[in-house]
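Enquirer: Just the structure for this:
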Amino acid sequence: MSSQVSSQAVLEALTTSSSSCSPHGYYNADNEVKVEMTENDDKVSTEIQESGSTQDDISGSSSDEDEEPRSNTEIIVTSNSLVDAEFARLESDFLTAVEEKKMLEERIAMNRARRAIQRERIRYQNLLVDKQIEVLIDRAEDEVHQRLDEIRRIRRDLRGADGWKRRDILKQLQRKAERSIRFRSDRVKKIVRRH
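Expert: Just a heads-up that it's a prediction; the model follows:
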């Protein structure tokens with residue numbers, strides 16, 4: 001008779017016993033179930049034993065199937081792995097931040113250099129403009145002096161000139177004025193084209 005059938009027989013014997021009796025079940029040498037009923041017994045003891053088997057084996061205990069608890073060494077190794085992974089991530093973030101900082105500093109330095117070059121270029125252009133203005137002022141002063149000399153000469157010529165002479169002087173002055181106007185206009189156009 002198998003252990004499952006024997007266990008079922010023991011349970012049936014327990015349920016059909018009187019209320020004043022307590023069952024005691026066990027296997028004999030022939031592997032047969034023996035049930036004893038004892039009166040006035042407060043404890044129910046069911047001892048089912050097989051050769052090479054225990055109660056835990058018969059009841060289908062899953063102690064062998066349960067996962068063994070993790071040892072302290074495994075926990076420490078796992079914790080160290082997590083710490084190493086976090087440290088690697090932080091180190092990567094730090095290196096990335098350092099590279100970004102370096103690139104930002106280089107960009108700032110380039111912008112400063114560009115602004116310095118632009119300021120120098122503006123200063124040079126201003127110097128050129130100032131020089132050109134000085135040259136034009138000098139030329140204007142020379143022209144003014146020349147005109148004053150011409151005016152004085154014309155006045156001297158007009159004092160003793162007759163009608164024809166006066167008309168010739170007037171035509172000469174008109175031609176000079178036209179040439180001067182054209183010359184100034186061309187020079188102004190050249191300056192405007194340069195800038």
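Enquirer: all contacts plus neighbour counts: C-alpha atoms, from now on.
Expert: Fine.
Enquirer: any chance you could map the helices in the chain?
Expert: Counting by DSSP state H, the chain has these helices, from start to end: 3-16, 55-58, 72-159, 163-194.
Enquirer: Check the ones you listed for me and report the most buried one.
Expert: Comparing the helices of the chain by mean neighbour count (mean count of other C-alpha atoms under 10 Å), helix 3-16 ranks first with a mean of 15.
Enquirer: Report the mean per-residue pLDDT for that one.
Expert: Averaging pLDDT along helix 3-16 gives 55.
Enquirer: how much space between Arg194 and Arg155?
Expert: 40 Å (C-alpha to C-alpha, to the nearest Å).
Enquirer: Same question for Leu173.
Expert: Look at Leu173 and Arg155: by C-alpha to C-alpha, they are 12 Å apart.
Enquirer: do Trp164 as well
Expert: From Trp164 to Arg155 the distance is 15 Å (C-alpha to C-alpha).
Enquirer: What of Ala161?
Expert: From Ala161 over to Arg155 the distance is 10 Å, taken as C-alpha to C-alpha.
Enquirer: Tell me where the model's unsure across the protein.
Expert: The model of the chain has pLDDT under 70 over residues 1-77, 195.
Enquirer: Please repeat the previous calculation with a cut-off of 90.
Expert: 1-88, 136, 139-141, 143-195 (pLDDT under 90).
Enquirer: Test my guess that Ile154 contacts Leu170.
Expert: No. In this structure, Ile154 is not within contact of Leu170 by C-alpha atoms under 8 Å, at 9.5 Å.
Enquirer: Need the overlap of contacts for those two.
Expert: Shared contacts of Ile154 and Leu170 (C-alpha atoms under 8 Å, 6 or more residues apart in numbering): none.
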